[in-house]
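Trainee: Mind looking at a prediction? Sequence and model below.
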Amino acid sequence: MIACIVGFWAFQNFYTPATYSNTDGTTDPEPIAPYFLPSSTTGDIISHNYYTLSYNEPFEQAEWVAYVLKKGHLTADDRKRPYFIEDPKVKSKSADWRNYKGSGYDRGHFCPAGDRRFSEQAYNETFYTSNISPQDRAFNAGIWNRLEQRIRLWARNYGSVFVVTGGVLENGLKEIGVEDVAVPNYYYKIVAKGDADDMEVIAFLMEGKESARPLQEFTVSVDEIERRTGIDFFEKLPTAIQQKLEKEVDSKGWKF
């Protein structure tokens, strides 16, 4: 019994999971301008080479994942799908993929693997469990996928877009697995183009169910997502610019 307790303690405190990250310094990270990044309600911000996230341990998933999607990232390169593994940079350990097994929910990506086919490392990094959340299968393959495809089209048309995305994490959510991974009822995406002084923003809030409704019907203000999540988006922008961008629901600058 003592040996088992000591072994479990050692595993919890000293075990380091495998990594998909490049550790030899030969890969240049994909930078995100500081004014794009949101606040973190947990202070647990993790930077990988090709996306950044804020991990929320009580819910066993990221509260947001942020990344830049450029036209040059959009390739059709065929990549071998890797295993989902724990994120080695999350000190509290991100949820094991086995929590999803038999749950009836997809392991839904926040930073899509399809946005990161341009390199093996970029693709593999999206399979850290810190980058996934339980999603209804029809939703994941349906309207959520349609929104991801639309964002790729915007990146192709506009040259580059910034994306921040996550589930609405709140008390009382259904949980799956032995680690009690929360199942969000709602998911959001905020997309921005331009620079700090000429930025355009569009935001979406969707219930985690499949829908045939047009994507435009899911647009909301950034203020609404802030109210639902407690996260301050674009917190490093001047207050006047924040207020203007975040109160509007304006899709006319975005081609649907």
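Mentor: Cool, got the structure.
Trainee: could you say which helix or strand contains the residue lying closest to residue 89 once chain neighbours are set aside?
Mentor: Distance criterion Cβ to Cβ, 6 or more residues apart in numbering; nearest residue to residue 89, sequence neighbours excluded, is residue 46 at 4.6 Å. The C-beta positions use only the backbone N, C-alpha and C, and glycine is treated the same way. Under the criterion DSSP states H and E, the helix or strand holding residue 46 is strand 45-47.
Trainee: who are the neighbours in contact with residue 112?
Mentor: Residue 112 is in contact with 126, 148, counting by Cβ atoms under 8 Å, 6 or more residues apart in numbering.
Trainee: Show the contacting residues for residue 107.
Mentor: Residue 107 is in contact with 84, 97, 100, 129, 132, 134, 135, counting by Cβ under 8 Å, 6+ apart.
Trainee: That one should be in a strand, yeah?
Mentor: Yes - Residue 107: assigned to a strand according to DSSP: H, G, I helix; E, B strand; the rest coil.
Trainee: Relative to residue 243, which of the contacts of residue 107 is nearest.
Mentor: Distance to residue 243, by Cβ to Cβ, is smallest for residue 135 among the contacts of residue 107, at 32.4 Å.
Trainee: quick one: contacts of stretch 168-181?
Mentor: 56, 59-61, 63, 95-96, 98-101, 103, 105, 134, 182-188, 205, 228-229.
Trainee: can we see that at 6 Å?
Mentor: 56, 59-60, 63, 95, 99, 103, 134, 182-184, 186, 228-229 (Cβ atoms under 6 Å, 6 or more residues apart in numbering).
Trainee: Please flag which of those residues sit within helices.
Mentor: Secondary structure from DSSP state H places 228, 229 of those in helices.
Trainee: Show me which of the contacts of stretch 168-181 are buried.
Mentor: Buried by 16 or more other Cβ atoms under 10 Å: 56, 59-60, 63, 95, 99, 103, 134, 182-184, 186, 229, out of those.
Trainee: ok, which pair from the residues you listed is furthest apart?
Mentor: Farthest pair in these (Cβ to Cβ) is 103 and 229. Separation: 23.6 Å.
Trainee: quick one: the longest helix along the chain to strand 105-109, angle?
Mentor: Counting by DSSP H, the longest helix found in the chain is helix 143-158. Orientation check (axes from the mean of the first three to the mean of the last three Cα atoms, to 10 degrees): helix 143-158 against strand 105-109 gives 20 degrees.
Trainee: Just after helix 143-158, pick out the following helix or strand.
Mentor: Downstream of helix 143-158 (by DSSP H and E), the next one is strand 160-167.
Trainee: Which element is encountered next along the chain beyond that next one?
Mentor: Next along from strand 160-167, by DSSP H and E: strand 174-176.
Trainee: In the sheet, which strands lie alongside that following strand, parallel or antiparallel?
Mentor: strand 181-183 (antiparallel) (DSSP bridges).
Trainee: Give me the distance between the strand it pairs with and the centre of its chain.
Mentor: Centroid separation between strand 181-183 and its chain, computed with Cα atoms, centre = their mean, to the nearest Å, is 15 Å.
Trainee: for the record, mean pLDDT for that strand?
Mentor: The pLDDT scores in strand 181-183 average 98.
Trainee: tell me which element residue 252 falls in.
Mentor: Applying DSSP H and E, one finds residue 252 in no helix or strand.
Trainee: mind checking how far it is from residue 190?
Mentor: Shown here: residue 252 relative to residue 190, a distance of 17 Å by Cβ to Cβ, to the nearest Å.
Trainee: So for the two, which sits in the more crowded spot?
Mentor: residue 190 (27 against 7; other Cβ atoms under 10 Å).
Trainee: Which other helices and strands does the helix or strand containing that one contact?
Mentor: Using DSSP H and E, residue 190 sits within strand 186-193. Packed against strand 186-193 by the contact rule (3 or more Cβ pairs under 6 Å, 6 or more residues apart in numbering; DSSP states H and E) you find strand 160-167, strand 200-207.
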